[in-house]
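Q: what would the 3D arrangement of this be:
(2 chains)
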Amino acid sequence: GEDVEQSLFLSVREGDSSVINCTYTDSSSTYLYWYKQEPGAGLQLLTYIFSNMDMKQDQRLTVLLNKKDKHLSLRIADTQTGDSAIYFCAERTDYKLSFGAGTTVTVRA
Amino acid sequence: DSGVTQTPKHLITATGQRVTLRCSPRSGDLSVYWYQQSLDQGLQFLIHYYNGEERAKGNILERFSAQQFPDLHSELNLSSLELGDSALYFCASSEGTGDEQYFGPGTRLTVT
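A: Model prediction:
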């Protein structure tokens, strides 16, 4: 079955790096995703990683995947106030996405 | 802007009523997915359509139904509404059946 878990809150100082962690349980997941949701808005696809990759970098975003431990992380370098949002980890099995509860990231000056 | 549009943005209705939520996928996308986001259940997959055909069902109640039309837009019908149906309903689309999903802005449904 699918069960995606994330820590609920993260507070980070502006300019520091943020690391958001996620664990999933379905070993048949093919892709893992990170979405961002700002207040009152929809989900914005940030990045994704194929399950046979260990790492993917996209500008300020770095995704690390440890398939053995079923652990996924998203690192945001040089965190800015505009990065304050809820970040969702999701795994894809078959055609649907299963989401974690979301990590609320607060960036403080 | 993801290119996925949803109407209406907000909907307030009473218990027992029926509503229809509408979604237009990104140009060229054949798949449409519906998700429900609520405080107690989080984001839950409801149903998936590909090129007019239902492909997968998730935690969708029998009171809920959906369809995808020949022009690829989709509608989610919610009937006999209960207070617990109050939630954000998102539509997402993808090019095929295994591609990344892009989400619309959502419809906020309030049942009073």
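Q: give me every residue that touches the spatially most central residue of chain B.
A: The structure's chain B has its C-alpha centroid closest to B:W34; by CA atoms, centre = their mean the separation is 3.5 Å. By CB atoms under 8 Å, 6 or more residues apart in numbering or on different chains, the contact list for B:W34 reads B:23, B:45-48, B:60, B:66, B:74, B:76, B:89-92. Every C-beta, even on glycine, is put in place using the N, C-alpha and C of the backbone.
Q: let's go with 6 Å and repeat that
A: Contacts for B:W34 were tallied using CB atoms under 6 Å, 6 or more residues apart in numbering or on different chains; they are B:L46, B:I47, B:A66, B:L76, B:C91.
Q: let's verify it: helix, strand, or coil?
A: Here B:W34 is recorded as strand under DSSP: H, G, I helix; E, B strand; the rest coil.
Q: count of neighbours near the closest residue to it other than its chain neighbours?
A: Once flanking residues are discounted, B:W34 sits nearest to B:L46: 4.2 Å by CB to CB, 6 or more residues apart in numbering or on different chains. Per other CB atoms under 10 Å in any protein chain shown, the neighbour tally for B:L46 reads 21.
Q: just the C-alpha atoms of the host helix or strand of B:L46, please, in PDB.
A: According to DSSP states H and E, B:L46 maps onto strand B:42-50. Listed next in PDB are the C-alpha coordinates belonging to strand B:42-50 (Å, rounded to 0.1, in the frame of the first residue of the first chain):
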ATOM      1  CA  GLY B  42      -5.100  15.600   3.300                       C
ATOM      2  CA  LEU B  43      -4.800  15.200  -0.500                       C
ATOM      3  CA  GLN B  44      -6.700  12.200  -1.700                       C
ATOM      4  CA  PHE B  45      -6.900  10.800  -5.300                       C
ATOM      5  CA  LEU B  46     -10.500  10.500  -6.500                       C
ATOM      6  CA  ILE B  47     -10.500   9.400 -10.100                       C
ATOM      7  CA  HIS B  48      -8.500   9.400 -13.400                       C
ATOM      8  CA  TYR B  49      -9.800   9.700 -17.000                       C
ATOM      9  CA  TYR B  50      -7.700   9.200 -20.100                       C
END
